[in-house]
Every structure is written in structure tokens, then in C-alpha cells.
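Engineer: Okay, predicted coordinates and the sequence, questions at the end:
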Amino acid sequence: MHRGDIYDDPVEAALKASFPGSKIIGSGSEFDPEAGVLSADLEFSLAPLNEDDDGHDAADLVLDLLEAAGAPRGSFASLEGGERVDFGQMFGIGVHLNNIDLRDEIYERYDVHDFLDKIYAALGSEGHMQSYWESGDETSIFIYGLSEEKMRELIAPVLATEPLAERCRVTQL
């Protein structure tokens, strides 16, 4: 769902406007019930503008849009002919809140949305949430920004003082 909002829909709209006939022909996610989404992919059919167009202009547009939307480091595109193009500048961290081992009064008294508001305020423009995942044991928040170290530094005071952050884990994505 989040992949579509962040990546699929804006890219498809831009392709329709700039390269009529181009479209997303497939998308999917590799999913683990405990960890959530492990990877995501999009497949495009890119229509040339004219007979001299080799499709690279449309591919460049797609990569620029994915990059602007916050594509994580390690992203890559496989172009026709097998050419691999690496892209993505964002580092990711996961904040995994413990859903089962805290005192009952913490779950009753504190709201995850208030916690998220504090995380967003601490991050400012240094990071943003791209998605979340709720399993039975954890609520995982996936945050991306240009510096993993800076994001960890900025959220550390929130994690140290917020009751919902007791026993949380922070991981590199």
C-alpha cells in the first residue's frame, strides 16, 4: 500500500503525462511475516516518444522520480539488455516497538500516534517515515533520510524518555 502511494502512483502519473503509452505493468514486494517488507519491485513498459528515442529518456525520468521519492541506497534498475543502473541515496532505520512485554498501563496510557509525532518533530527534515508494519510482537516504523547517524542521534532522546520506546530495537535497513 505504501509503495503505491510513494512510488507507483506518482511515477505512473508522470509517465502518462510525459511518455504516453508508458505504464507500470507489475509490482510486488518480498514479505516476511515477522520482519515485514524485505524488498519491493516495479516493472515498467516504457513507450518511446518517437522512432529515434531508445527509451532512455523515460527510464531517466523514472529513476529521477524514484530518487526524489526517497529510494533507499542499494536500489537498482535493470534495463532492457541487462544493463544495471544503481540509484538511491536514502539510508533506512527501523524503530521496532515492543507490543507484548511492557507493563499494561503503558499500552493503555500512551498512544503510538503521539509517539510518532515526537519522532517526526525530532527528525525535522532529516528523515521521514516511508512505511510501518505491525506484527503480533512489534510495531516497526521504517524511517529514511540522508544520514543514518544523524537520524539515530535525533531520535535518541525520544527513545530514552518515551514509555512506548521501552525495550524497542533500532535496526539498519
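Structural biologist: Looks like it came in fine.

Engineer: use CA for all of it now, contacts and neighbours both
Structural biologist: Noted.

Engineer: isn't residue 162 right up against residue 114?
Structural biologist: No. Counting by Cα atoms under 8 Å, residue 162 stays clear of residue 114, with 10.0 Å between them.

Engineer: which SS state does the residue nearest the centre of the chain fall under?
Structural biologist: For the chain, residue 130 is the residue whose C-alpha lies nearest the centre (Cα atoms, centre = their mean; 3.9 Å). With DSSP: H, G, I helix; E, B strand; the rest coil as the basis, residue 130 sits in strand.

Engineer: mind starting the numbering at 243 from now?
Structural biologist: With the count now opening at 243, the last piece we talked about shows up as residue 372.

Engineer: quick one: it from residue 261, how far?
Structural biologist: As defined by Cα to Cα, to the nearest Å, residue 372 lies at a distance of 27 Å from residue 261.

Engineer: domain assignment for this protein?
Structural biologist: Using automatic domain parsing, the domains assigned to the chain come out as 244-329, 333-414.

Engineer: Can you add mean pLDDT and give these back as TSV?
Structural biologist: Shown next, in TSV, are these (pLDDT from 0 to 100):
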stretch	mean pLDDT
domain 244-329	80
domain 333-414	94
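
Engineer: What helix or strand is the residue lying farthest from the centre of the chain located in?
Structural biologist: Note on the chain: the largest C-alpha distance from the chain mean falls to residue 293, namely 35.9 Å (Cα atoms, centre = their mean). For residue 293, there is no helix or strand it lies in under DSSP states H and E.

Engineer: and residue 322, how many neighbours?
Structural biologist: 9 (other Cα atoms under 10 Å).

Engineer: and if you look at residue 267?
Structural biologist: 10.

Engineer: and it, helix, strand or coil?
Structural biologist: strand.

Engineer: Identify the residues contacting it.
Structural biologist: With contacts defined as Cα atoms under 8 Å, 6 or more residues apart in numbering, the neighbours of residue 267 are 284-287.

Engineer: Farthest pair within these?
Structural biologist: Using Cα to Cα, the pair of these lying farthest apart is 284 and 287, separated by 10.2 Å.
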